[in-house]
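S.K.: Build me a model:
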Amino acid sequence: MKNKYIYLYNKLIELARDKNLYKDFKKQDEFSDRLIFFLIYFALFFKAFKNEDNKEILQNIYDFIFRQLELSIREIGYGDQSINKKMKDYLNLFHDMIDKFHFWEDLSKDKKEKILQSYISNSENAGILLDYFENYLVYLKKNTLNSYIKSVSRT
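M.R.: Residues are numbered from 1 along each chain as shown. Below is the predicted model:
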C-alpha cells in the first residue's frame, strides 16, 4: 500500500501529542494515554466523514492507519505475540469508540463527559477535553474528506 495517507497518520500523531491534552492528568502520561487520544481523534475523523460515498476511501485509510500503528508498536520492541494481542485490543477499543460516537450529537454533555472519562481516566477535567474534541469535530465537518485527502497528496 502506498504512503498516500501518511500525512493524515502523522497529523493524528501530532494531535495526540498536544500538551494541552495532558495538563490536567493525575499522573505522568504514558504511551497508552497517547494511543487512546490518537484513537479518539481517528474515531471522530471517521464519524465526521462516514457515509456511503466515502466507504472505500475510509476503508483504505483505516487499513493504512492500523498498519502504521502496528509498525510503530513493533518499533517500540514488542514481540509478535504481544503485538497481535495489543492490536486486537486497540481495534476493539477503536470500534467501541466508533459505536459510542455514532450518536454523539444526541447525547447530553454529562453523557459525553462520562464516555470520555471511560477512555481517559487519568484526566481530572473531562469538561475541558469535551470542549476540545467538540471543537475538533466542528473543524472536521467544515471541510470534505476530499479536501483532507488532497492536502495529503500535496504534502
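
S.K.: List the contacts of L15.
M.R.: 37-38, 41, 136 (C-beta atoms under 8 Å, 6 or more residues apart in numbering). All C-beta atoms are positioned from the backbone trio N, CA, C, and that covers glycine.

S.K.: Out of those, flag the one nearest to A48.
M.R.: When the contacts of L15 are ranked by distance to A48 (C-beta to C-beta), Y136 comes first, at 9.0 Å.

S.K.: How many residues are close by the closest residue in space to that closest one that isn't next to it in sequence?
M.R.: Excluding the flanking residues, the one nearest Y136 by C-beta to C-beta, 6 or more residues apart in numbering is L44, at 6.1 Å. With neighbours defined by other C-beta atoms under 10 Å, the count for L44 comes to 21.

S.K.: Would you mind giving the contacts of L15 as JSON lines with pLDDT added?
M.R.: As requested, these are exported to JSON lines (pLDDT from 0 to 100):
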{"residue": "F37", "pLDDT": "93"}
{"residue": "F38", "pLDDT": "96"}
{"residue": "Y41", "pLDDT": "96"}
{"residue": "Y136", "pLDDT": "94"}
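
S.K.: Need the max-distance pair from those residues.
M.R.: F38 and Y136 (12.5 Å).
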